[in-house]
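A.B. asks: no sequence on this one, just coordinates:
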């Protein structure tokens, strides 16, 4: 298992490998052909409620709503309700549009664990304000949730004029007659799947999620075995000593190889250079310290090994959308 700050990249790699397998590609294609529904495999660490995502398989109605920003505040209200129900924090660097969706990230050490607890092993189906359903099926490696199989973009009951008028009444702005006419046409063209059939599709995905879990265990074993012992030593040394001034030569010595070969091997194995890895580690550790309101941002930066506020600011701004001050403010419930 990777270090905490490296977990997202670790599981991104796993998901990419699963998606590249013949089994996954065949299943995704067969599921689409058999059901007419989209299917995606997405990271749990960047969970997006895809009713408002930019996925190419989004229904015409949802696409039109998002293109014009009609559903922004309404969808955000839905997402906040789901977050509250699940006990999950929202990544909220600014008020996101509906097109961007609601994304749950490892903003706090508890975020992905909260998703894990909220879902357990059971699929969850959500319904948007317009009556479209979206289902997410958890995929785990052992006990660790790392991805979701997602499908939906359908209705499970016949749309009605009253339901359409109700949905339009929940929008944040008044629409023109032409806009309403266009949306109405798309609304009544939304695919309809009877509830029993939709539950059966969800069961198929739940069964396949178990197969993906078994496949993920095999892939993770292969990935762990591929990482050279020298790199494992280096990561362990960095995790223990990131608070101190560190040089490439010092870490290479701890890894037991020359600085030249260490630099090359580290980037080949991890995917980023030594300096970038260390910066990311320090920024992630600093984010944890910012939960402590009694610690200033400057104190947190130096505590995590940054030697100046200039170097801290460069690293933070390169890696984070929010400023440290904004990030700290976002940790406090409004």
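C.D. replies: The structure has been received and is ready for your questions. Computed from a predicted structure; not experimentally measured. Residues are numbered from 1 along each chain as shown.
A.B. asks: in this structure, which ranges drop under the pLDDT threshold?
C.D. replies: By pLDDT under 70, the low-scoring segments of the chain are 1-7, 46-58, 66-120, 224-225, 333-334.
A.B. asks: what are the pairing partners of the longest strand seen in it, and which direction each?
C.D. replies: Taking DSSP state E as the criterion, the chain has its longest strand at strand 144-154. Partners of strand 144-154 in the sheet, by DSSP bridges, are strand 40-43 (antiparallel), strand 133-141 (antiparallel).
A.B. asks: Reformat the ones you listed as TSV; add distance to residue 328.
C.D. replies: Yep, even glycine has a C-beta here, placed from its N, CA and C like the rest. Shown next, in TSV, are the strands paired with strand 144-154 (distance: least, CB to CB, whole Å):
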stretch	distance to residue 328
strand 40-43	25
strand 133-141	30
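A.B. asks: Just give the nearest non-adjacent residue to residue 285, would you?
C.D. replies: Spatial nearest neighbour of residue 285, chain neighbours left out: residue 304 (4.7 Å); criterion: CB to CB, 6 or more residues apart in numbering.
A.B. asks: who's in contact with the one you found?
C.D. replies: Shown in contact with residue 304 (CB atoms under 8 Å, 6 or more residues apart in numbering): 242-243, 282-283, 285-286, 289.
A.B. asks: Please tell me how far the closest residue to residue 195 other than its chain neighbours sits from residue 185.
C.D. replies: Using CB to CB, 6+ apart and skipping residues adjacent in sequence, the residue nearest residue 195 is residue 156, 4.8 Å away. Distance of residue 156 to residue 185, computed by CB to CB, to the nearest Å: 21 Å.
A.B. asks: Show me which of these two is the more surrounded one.
C.D. replies: Taking neighbours as other CB atoms under 10 Å, residue 156 and residue 185 compare with residue 156 leading, 18 against 12.
A.B. asks: before we move on, the earlier item: ok, the contacts of residue 304 vs residue 315, which is closest?
C.D. replies: Lowest distance from residue 315 to the contacts of residue 304 (CB to CB) belongs to residue 283, with 5.5 Å.
A.B. asks: Residue 124 bridge partners, please.
C.D. replies: So, taking DSSP bridges as the rule, residue 124 has residue 136 as bridge partners.
A.B. asks: any idea how far residue 29 is from it?
C.D. replies: From residue 124 across to residue 29, the span is 25 Å (CB to CB).
A.B. asks: Just want to know which of the two has more residues nearby.
C.D. replies: Higher neighbour count among residue 124 and residue 29: residue 124, with 17 against 11, using other CB under 10 Å.
A.B. asks: just checking, the more buried one touches residue 136?
C.D. replies: Yes: counting by CB atoms under 8 Å, residue 136 is a contact partner of residue 124 at 5.4 Å.
A.B. asks: okay, now the domains of the protein?
C.D. replies: When the chain is parsed with automatic domain parsing, its domains come out as 4-223, 229-330.
A.B. asks: Make sure residue 130 is indeed in a helix.
C.D. replies: No: counting by DSSP: H, G, I helix; E, B strand; the rest coil, residue 130 is not part of a helix but coil.
A.B. asks: my read: it touches residue 184, true?
C.D. replies: No: at 11.5 Å, residue 130 does not count as touching residue 184 under the criterion of CB under 8 Å.
A.B. asks: Which one of these two is surrounded by more residues?
C.D. replies: More crowded of residue 130 and residue 184, by other CB under 10 Å: residue 130, with 26 against 16.
A.B. asks: now the more buried one: how far from residue 199?
C.D. replies: Distance of residue 130 to residue 199, given as CB to CB: 21 Å.
A.B. asks: Residue 267 too?
C.D. replies: Per CB to CB, residue 267 is found 48 Å from residue 199.
A.B. asks: So which residues of this structure form strands?
C.D. replies: Applying DSSP E to the chain gives strands spanning 40-43, 47-48, 103-104, 124-127, 133-141, 144-154.
A.B. asks: ok, now which ones touch residue 265?
C.D. replies: Counting by CB under 8 Å, 6+ apart, residue 265 makes contact with 228, 230-231, 257.
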